[in-house]
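Trainee: fold the following.
(chains A, B, C and D)
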2 protein chains.
Amino acid sequence: MHVKTMPADDRQAPEGCRFCVIRQSGICSALTGEEVTRLSRIAHHRQYKAGQTILSCDDKPDFFAAVSSGVVKVSKLLLDGRQQIVGLLFPPDFLGRVFSRQIPYFAEAATHVELCCFRHADFERMLKDHSEMSQHLLEHSLDKLDTAHDWMVLLGRKTAEERVASLLYLLVTRSKLALVHDHGASRDTGFELHLKREEMADFLGLTYETVIRQLKALYKKDIICLNGRREFSVPDLAALAKAAG
Amino acid sequence: MHVKTMPADDRQAPEGCRFCVIRQSGICSALTGEEVTRLSRIAHHRQYKAGQTILSCDDKPDFFAAVSSGVVKVSKLLLDGRQQIVGLLFPPDFLGRVFSRQIPYFAEAATHVELCCFRHADFERMLKDHSEMSQHLLEHSLDKLDTAHDWMVLLGRKTAEERVASLLYLLVTRSKLALVHDHGASRDTGFELHLKREEMADFLGLTYETVIRQLKALYKKDIICLNGRREFSVPDLAALAKAAG
DNA sequence: CGTTCGCTTGAGCCTTTTCAACCACTGTGG
DNA sequence: CCACAGTGGTTGAAAAGGCTCAAGCGAACG
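Mentor: Next comes the predicted model:
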């Protein structure tokens, strides 16, 4: 019997692509069905458990990827161990760097993560042939730059309470967005806090004790409800937005 | 006599382009001579005095530009007036946003500034035809994203002294880079502080009093020399780098 | 059942901010 | 020529926001 030794790649067949978040609004949203078929042939999937390192600083990964599910934590380290999370990647964000091997940050799975990966050479060839695709990538990068700028305002100028409120606001809006494609994230009861307190602190430029106290302050002001340690809900989104500055 | 009513645009003729910083390492570095000629026909120059506003938040400028000389200050404002500078643009950085009209920040001339501008439609057409150019733009955006990430580490995790040292280090390295193309910037005696104390503070997420105190602290540690109020020099760059964390 | 991990709380401390005063320099108008 | 206001820079003292340190709690896990 001819056993078909299909590589793992094959899960990313055109049929699978059709319902993929990335296909709908990510890097391959600009492609025709036929082009996606071509792309899918050079794609392969990877999975990571929560907490697992995806990329280490100064790694030279041979792949470029789009996040198809889960949340990826992107962080930088100072020599003495101080850490700053510089971004969270939600589907259909991309991870890695085109036209350059080196990567100057850490990437870690914050939740269970699924990536749709492409070998650099393949992907770059694809980019050259499809200007819509490289345009999409450029626009996405510029959006990322804007959100980085917003975060710089937070880190440079906001108070601890505003920072925590801003993070919650971010999670709400991003989760809502994800709901359009995905199910889950918020099961109507509330929103998930994908990060533990220490990670929130590293994202907000605070200590985890301060995060805890400000979370409590927001709770006391009835701006949020805390349902357990990893879930919260928001009675009045406008109030949260206002608290976020 | 047929008076040639050359528009101001014409200053950006191919001959002018040849020695332009942008031509050498900026947006048009990927083009052939002929292509630059085409580009130059759709370009026009603008000048701004120090302190002049180039773009206001939520403006919808009809142009996209590359900085050909001077320093541009990019900043964001909170409703109550708190300000955060999110970046400095040196030649040959670009200013504006392709494929989108709206701009979510302020841009102000920190020094005398010269821009090489393109109308959106023209430039985007050019981009579509020249994949090397849009690749260059993508790489540049990704570099900007990296530097934004580095700045987030500064804002989130560094001490006041480290922040000030980091800014000085940035100015030294960027000015040195500019020296390769440009003259000036450092007249051998030292480096120019393009920003006043308050602007440094807004860039570093500090108050201007703190900036002054940390500048003095670095001076007392012999890490920098202060030559007047807008100039400094660095006896040992490695020491400065170390102080920057 | 003890250990570990993540989370919470309190007390005191320290870095940075706030507030206020003052100086140096520049340009303006009488 | 001088008085004057305006701008940018500097300094000190007091206040405060967030950090450090230390202790304790509950849930998960081997």
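
Trainee: so is the lengthiest helix in chain A next to chain B?
Mentor: Among the elements of chain A assigned as helix by DSSP state H, the one spanning the most residues is helix A:131-157. Yes: using CB under 8 Å from any CB of the partner chain, helix A:131-157 comes into contact with chain B via A:131, A:134-135, A:137-139, A:141-142, A:144-146, A:148-153, A:155-157. Bear in mind the C-beta positions are built from the backbone N, C-alpha and C, glycine included.

Trainee: packing partners for the helix or strand following that helix?
Mentor: Per DSSP states H and E, the first helix or strand lying C-terminal to helix A:131-157 is helix A:160-181. With contacts taken as 3 or more CB pairs under 8 Å, 6 or more residues apart in numbering or on different chains; DSSP states H and E, helix A:160-181 sits against helix A:21-25, helix A:131-157, strand A:191-192, helix A:197-204, helix A:208-220, helix A:237-243.

Trainee: can I get the ones you listed in TSV including mean neighbour count and mean pLDDT?
Mentor: What follows is the helices and strands packed on helix A:160-181, written out as TSV (neighbours: other CB atoms under 10 Å in any protein chain shown; pLDDT from 0 to 100):
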stretch	mean neighbour count	mean pLDDT
helix A:21-25	20	88
helix A:131-157	20	95
strand A:191-192	20	91
helix A:197-204	22	98
helix A:208-220	17	98
helix A:237-243	15	97
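
Trainee: TSV for the ones you listed, including distance to residue B:202?
Mentor: Compiled in TSV, the helices and strands packed on helix A:160-181 are given as follows (distance: least, CB to CB, whole Å):
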stretch	distance to residue B:202
helix A:21-25	35
helix A:131-157	8
strand A:191-192	33
helix A:197-204	20
helix A:208-220	23
helix A:237-243	23
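
Trainee: quick one: which of these is nearest residue B:48?
Mentor: Across the helices and strands packed on helix A:160-181, residue B:48 has its closest neighbour in helix A:131-157 (21.2 Å, CB to CB).

Trainee: the closest one versus helix A:160-181: what angle between them?
Mentor: Orientation note: helix A:131-157 sits at an angle of 160 degrees relative to helix A:160-181 (axes from the mean of the first three to the mean of the last three CA atoms, to 10 degrees).

Trainee: center of chain A - which residue?
Mentor: The residue lying closest to the centre of chain A (CA atoms, centre = their mean) is residue A:89, at 1.3 Å.

Trainee: and the gap between that residue and residue A:17?
Mentor: As for residue A:89, its distance to residue A:17 is 20 Å (criterion: CB to CB, to the nearest Å).

Trainee: what does residue A:135 give?
Mentor: Taking CB to CB, one finds residue A:135 at 20 Å from residue A:17.

Trainee: ok, now which ones touch the residue nearest to residue A:203 when sequence neighbours are not counted?
Mentor: Taking CB to CB, 6 or more residues apart in numbering or on different chains as the measure, residue A:203 lies nearest to residue A:85, with 4.0 Å between them; neighbours along the chain are not counted. With CB atoms under 8 Å, 6 or more residues apart in numbering or on different chains as the criterion, the residues that contact residue A:85 are A:73, A:74, A:75, A:199, A:202, A:203.

Trainee: output the residues you listed in a markdown table; the columns should cover distance to DNA strand C.
Mentor: Below are the contacts of residue A:85 laid out as a markdown table (distance: CB to the nearest atom of the strand, whole Å):
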| residue | distance to DNA strand C |
| --- | --- |
| A:73 | 13 |
| A:74 | 19 |
| A:75 | 15 |
| A:199 | 7 |
| A:202 | 11 |
| A:203 | 13 |
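
Trainee: and which of those residues is nearest to residue A:212?
Mentor: If you rank the contacts of residue A:85 by distance to residue A:212 using CB to CB, residue A:199 comes first, at 12.9 Å.

Trainee: residues in contact with residue A:160?
Mentor: A:204, A:206, A:210, A:211, A:213, A:214.

Trainee: so of the residues you listed, which two are at opposite extremes in space?
Mentor: Farthest-apart pair in the contacts of residue A:160 is A:204 and A:213; separation 12.5 Å (CB to CB).

Trainee: put the alpha carbons of stretch A:79-91 into CSV.
Mentor: Below are the C-alpha coordinates for stretch A:79-91, written out as CSV (Å, rounded to 0.1, in the frame of the first residue of the first chain):
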residue,chain,number,x,y,z
LEU,A,79,21.4,43.4,30.1
ASP,A,80,20.5,43.3,33.8
GLY,A,81,17.2,41.5,33.2
ARG,A,82,14.7,44.3,33.1
GLN,A,83,12.1,43.3,30.6
GLN,A,84,9.7,45.3,28.4
ILE,A,85,7.0,43.7,26.4
VAL,A,86,6.8,45.8,23.2
GLY,A,87,3.8,44.3,21.7
LEU,A,88,1.2,41.5,21.5
LEU,A,89,0.5,39.8,18.3
PHE,A,90,-3.1,38.7,17.6
PRO,A,91,-4.3,36.9,14.5
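
Trainee: how about that stretch and DNA strand D, any contact?
Mentor: No: against DNA strand D, stretch A:79-91 shows no contacts by CB under 7 Å from any atom of the strand, the least distance being 8.7 Å.

Trainee: now do the buried residues in that stretch.
Mentor: Residues of stretch A:79-91 classed as buried by neighbour count (16 or more other CB atoms under 10 Å in any protein chain shown): A:82, A:83, A:84, A:85, A:86, A:87, A:88, A:89, A:90, A:91.

Trainee: please apply the same query to stretch A:225-240.
Mentor: With burial defined by 16+ other CB under 10 Å, the residues of stretch A:225-240 counted as buried are A:232, A:234, A:239, A:240.

Trainee: give the closest residue to residue A:72 in space, chain neighbours not counted.
Mentor: Closest to residue A:72 by CB to CB, 6+ apart is residue A:89, at 3.9 Å.

Trainee: any idea how far residue A:170 is from that neighbour?
Mentor: Applying CB to CB, the value for residue A:89 to residue A:170 is 13 Å.

Trainee: repeat for residue A:116
Mentor: Following CB to CB, the distance that separates residue A:116 from residue A:170 is 24 Å.

Trainee: now do residue A:211
Mentor: Here the distance between residue A:211 and residue A:170 works out to 14 Å (CB to CB).

Trainee: cool, and residue A:56?
Mentor: Between residue A:56 and residue A:170 the distance, using CB to CB, works out to 26 Å.

Trainee: try residue A:136
Mentor: When CB to CB is applied, the distance between residue A:136 and residue A:170 equals 23 Å.

Trainee: also residue A:244?
Mentor: According to CB to CB, residue A:244 and residue A:170 sit 9 Å apart.

Trainee: cool, and residue A:194?
Mentor: 11 Å.

Trainee: enumerate the residues of chain A near DNA strand D.
Mentor: For chain A, the residues in contact with DNA strand D under the definition CB under 7 Å from any atom of the strand are A:159, A:160, A:161, A:205, A:206, A:207, A:209, A:210.

Trainee: contacts (any at all) between DNA strand C and the longest helix of chain A?
Mentor: No: contact check for helix A:131-157 against DNA strand C, using CB under 7 Å from any atom of the strand: none in range, with a minimum separation of 8.8 Å.
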